[in-house]
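Participant: Next comes the sequence, and after it the predicted model I'd like to discuss.
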Amino acid sequence: MLQALLVMVAAYIVSFVILFALPGDPITGMYSGGDAGVVDPEELERIRADFGFDRPLWEQFATRFGAALVGDFGRSIRNGQPVVDMLAQGIPQTLALVSFAVVIAIVLGVALALAATGSRRGWLRQFLLTLPSFGVSMPTFWVGLILVQIFAFSLKWLPPVGNTGFQSLVLPAITLALPGAAQIAQVLAKSLTTAGLEPYITTARAIGLRPSVIHTRDSLRNALLPALTMAGLLIANMFGGSIVVESVFSRAGLGQITVKAVLGHDIPTVQAVVVLGAIVFALVTLVIDLLYPVVDPRLRPSVGARR
Amino acid sequence: MSEQPTTMSNATVVLTDTPGRRLRRALRQLVRRPSILLAALIVLTAILAALFPAMFTSRDPLGTDPQHILQPPGTAGFLLGSDAVGRDLLTRIIYGAGPSLQAALIALVVSFVGGVVLGLLAGYFGRWVDVVIMRVVDVVLAFPALLFAMAIIAVLGIGPVNVALAVGIVGVAQMARVMRAEVMRVRTQTYVEAAGVSGARWYSLLLRHVLPNSLGPIVVLATLEFGIAILAVSSLSFLGFGAPPPAPEWGSLVADGRQFIVAAWWLAIFPGLAIALTVLSTNRIARAFEGELKG
């Protein structure tokens, strides 16, 4: 818990240092490049004062951080809207996309790893084990465009773009899930192979359990930990990847808000999204820490022996 | 590998392995595994195209041809088709290798130098230097990489160089972490202690003994990071943060082609294929390299 809170606070501080404390305040950044001469200095000064960028840095930090603690990330310097309200419009769509993609990635990754390590035929095993390296090498936006080309335009099974219900979620979610599935499969296949060499597997085999039972019950359970450790980073990165995927499929969501904010130097909005990313990471890590003892009974605190 | 006993420590490998023997072993590896050979050929082609694009085509990547717009692949004179103003796609992909690989290389150099310096400082001096550097590294790793790169671009402004710098800065954290772990291991080795006892100054210890012997893992990581950097740079260019439209960067080419995905699928698919093949090949080589180093 404390760990997660510390990460969030530290993330806020680092993002503040990078986005606000560097020379050249956000307002100058916004008007630099091309139209700098159009706005007169007095007007700039007025806008600066309006957003509080004329204050000393520590004061800006104190005000902004205090507000952030109660969920206020200031106003967008593009349109004056509260940043939190803007994000709130995009969060549901992005959350739906990322959660669906996480489920697909886990199912696909685990299935592939099990199929690859469980298959007896050498060539099939080799083939399945090389699949993930393709998955991690392909640019997501490209995979998305290929899927659109095949399933939306050629086969006409699913809509190519938009936010119209579950059907429009399928292709983006698969696109976002593929690199994650590939990474899960890589790590899991590796640890499944190591787990297969453990003495308890030999014992299980000697008892006469069927190979498929041993594979899914004994090997998988022991091989899950490394994959679980990786999943935290993976989910956080999927949150980042959703920006690209939403752009490919022209979906409303955090992605479009973020891209617009970056292009428009809208620093407060960018900070809110970045901190949100770190919060997602911290929360996922927390959940995974709590999951360890569930997956592996050896990690449960033993009764009577409190540490 | 089989020729080399697994118990041999890194230090002895350095003493017994001459560059010639290492090269011969690497070449033998190549012949034994055709996939590595293929990967090396693809990377070599990409590098040559980046350095000397005119070697592969005599056409102009920006030269329009209003008579031949949106030609499908295989049309005479347009092997991979042409775009909405009649530019040859193959030529544009060849000329796109330069900006794409260059950006990835800049990113890699930034991550590598930053990671080596920070990792060396943190691992060697320990105490508060280590605490400060590693806390910041941990926090940076908590941000989704792509998102963090976009935040840096928001500050630096858009453009191909800034995209490369952003990707590079994000990569520093991972590199620093690996470097620090290795420096901490090497620092306690007998030969470093021996040099310390025999009166070597701290900077000579650091630069002559610790640095060269801790580079192995981070070099392997760097080869892996190259593919990741290509993907990150092309993703950011696809989102429109990189070179402005007429430039033939691979990610931007896919973004341009996306508008014509219904009428001309090839415009988005082939540049993406160039990215995928290059990344796949560099990853394959990195894996082989990793296996070789681990023995």
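Facilitator: Cool, got the structure.
Participant: CA only for contacts and neighbour counts going forward, please
Facilitator: Will do.
Participant: Let me see the residues that make contact with whichever strand or helix holds A:V7.
Facilitator: Following DSSP states H and E, one finds A:V7 within helix A:2-19. The list of residues contacting helix A:2-19 from outside it, by Cα atoms under 8 Å, 6 or more residues apart in numbering or on different chains, reads A:61, A:65, A:267, A:271, A:274-275, A:278-279, A:282-283, A:285-286, B:136, B:139-140, B:142-143, B:151-152, B:155.
Participant: Can you name the residues that contact A:L290?
Facilitator: Counted by Cα under 8 Å, 6+ apart, A:L290 has zero contacts.
Participant: I meant B:W202, not that one.
Facilitator: B:G196.
Participant: so the residue nearest to B:I230 when sequence neighbours are not counted is in which element?
Facilitator: What sits nearest to B:I230 in space, not counting adjacent residues and going by Cα to Cα, 6 or more residues apart in numbering or on different chains, is B:A104, at 5.1 Å. Taking DSSP H and E as the criterion, the element that holds B:A104 is helix B:89-125.
Participant: repeat for B:I285
Facilitator: helix B:266-294.
Participant: Sort out which residues of that helix are buried, please.
Facilitator: Neighbour-count burial for helix B:266-294, counted by 16 or more other Cα atoms under 10 Å in any protein chain shown, picks out B:266-290.
Participant: mean confidence score for it?
Facilitator: The average pLDDT for helix B:266-294 rounds to 85.
Participant: Could you tell me how far it lies from the centre of the chain?
Facilitator: Remark: helix B:266-294 is offset 10 Å from the chain centroid, using Cα atoms, centre = their mean, to the nearest Å.
Participant: what about it and chain A, touching?
Facilitator: Yes. Against chain A, helix B:266-294 shows contacts by Cα under 8 Å from any Cα of the partner chain at B:A268, B:I269, B:G272, B:I275, B:A276, B:L277, B:V279, B:L280, B:N283.
Participant: Same list (those) but as CSV, adding distance to A:R125.
Facilitator: Listed next are the residues of helix B:266-294 next to chain A as CSV, based on distance: Cα to Cα, whole Å:
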residue, distance to A:R125
B:A268, 33
B:I269, 29
B:G272, 28
B:I275, 27
B:A276, 23
B:L277, 23
B:V279, 23
B:L280, 20
B:N283, 20
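Participant: Any idea how many residues pack against A:L145?
Facilitator: Residues contacting A:L145 under the criterion other Cα atoms under 10 Å in any protein chain shown number 27.
Participant: Tell me which stretches of chain A form helices.
Facilitator: A:2-19, A:26-31, A:41-51, A:57-69, A:83-118, A:122-137, A:140-147, A:167-195, A:199-207, A:211-213, A:220-248, A:254-263, A:267-295 (DSSP state H).
Participant: wait, the stretch 1-150 of chain B
Facilitator: Applying DSSP state H, counting those that start in this stretch to the stretch 1-150 of chain B gives helices spanning B:10-16, B:19-32, B:34-51, B:89-125, B:127-142, B:145-156.
Participant: Give me the below-cutoff pLDDT ranges for the stretch 1-150 of chain B.
Facilitator: For the stretch 1-150 of chain B, applying pLDDT under 70 flags the ranges B:1-20, B:22, B:26, B:29-31.
Participant: Return the residues in contact with B:E182.
Facilitator: Per Cα under 8 Å, 6+ apart, neighbours of B:E182: B:G123, B:S214, B:P217.
Participant: thinking again about what came up before, now restrict the contacts of helix A:2-19 to buried residues only.
Facilitator: Burial by neighbour count, 16+ other Cα under 10 Å: within these this picks out A:61, A:65, A:267, A:271, A:274-275, A:278-279, A:282-283, A:285-286, B:139-140, B:142-143, B:151-152, B:155.
Participant: With mean pLDDT added, can I get the helices of chain A in JSON lines?
Facilitator: Shown next, in JSON lines, are these (pLDDT from 0 to 100):
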{"stretch": "helix A:2-19", "mean pLDDT": "83"}
{"stretch": "helix A:26-31", "mean pLDDT": "66"}
{"stretch": "helix A:41-51", "mean pLDDT": "72"}
{"stretch": "helix A:57-69", "mean pLDDT": "77"}
{"stretch": "helix A:83-118", "mean pLDDT": "88"}
{"stretch": "helix A:122-137", "mean pLDDT": "84"}
{"stretch": "helix A:140-147", "mean pLDDT": "90"}
{"stretch": "helix A:167-195", "mean pLDDT": "87"}
{"stretch": "helix A:199-207", "mean pLDDT": "78"}
{"stretch": "helix A:211-213", "mean pLDDT": "74"}
{"stretch": "helix A:220-248", "mean pLDDT": "83"}
{"stretch": "helix A:254-263", "mean pLDDT": "88"}
{"stretch": "helix A:267-295", "mean pLDDT": "86"}
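Participant: For B:L23, which of those helices is the nearest?
Facilitator: helix A:122-137 (26.1 Å; Cα to Cα).
Participant: what angle separates the closest one from helix A:140-147?
Facilitator: Here helix A:122-137 runs at an angle of 120 degrees relative to helix A:140-147 (axes from the mean of the first three to the mean of the last three Cα atoms, to 10 degrees).
Participant: Next, the angle helix A:83-118 makes with helix A:122-137.
Facilitator: Comparing the axes of helix A:122-137 and helix A:83-118 via the same axes, to 10 degrees yields an angle of 160 degrees.
Participant: what sits up against helix A:122-137?
Facilitator: Here helix A:122-137 has contacts from A:112-113, A:115-117, A:119, A:178-183, A:185-186, A:189, B:227, B:231, B:276-277, B:279-280, B:283, using Cα under 8 Å, 6+ apart.
Participant: and A:A261, what does it touch?
Facilitator: Residues near A:A261 by Cα under 8 Å, 6+ apart: A:I267, A:T269, A:V270, B:A154.
Participant: pretty sure the first one contacts A:R78?
Facilitator: No. A:I267 sits out of contact with A:R78 when judged by Cα atoms under 8 Å, with a separation of 9.3 Å.
Participant: Which stretch among the helices of the stretch 1-150 of chain B is buried most, on average?
Facilitator: helix B:145-156 (a mean of 25; mean count of other Cα atoms under 10 Å in any protein chain shown).
Participant: The helix or strand following it to helix B:127-142, inter-axis angle?
Facilitator: For helix B:145-156, the succeeding helix or strand toward the C-terminus, using DSSP H and E, is helix B:160-187. Helix B:160-187 runs at 130 degrees relative to helix B:127-142, counting by the same axes, to 10 degrees.
Participant: in helix B:160-187, what's buried?
Facilitator: Buried residues in helix B:160-187, counted by 16+ other Cα under 10 Å: B:160-184, B:186-187.
Participant: so how far is B:R92 from the residue nearest to B:M55 when sequence neighbours are not counted?
Facilitator: Of all residues not flanking B:M55 in the chain, B:A49 sits nearest, at 7.4 Å (Cα to Cα, 6+ apart). Distance of B:A49 to B:R92, given as Cα to Cα, to the nearest Å: 11 Å.
Participant: ok, now A:F65?
Facilitator: Distance, A:F65 to B:R92, using Cα to Cα: 48 Å.
Participant: ok, now A:V273?
Facilitator: Distance from A:V273 to B:R92, by Cα to Cα: 35 Å.
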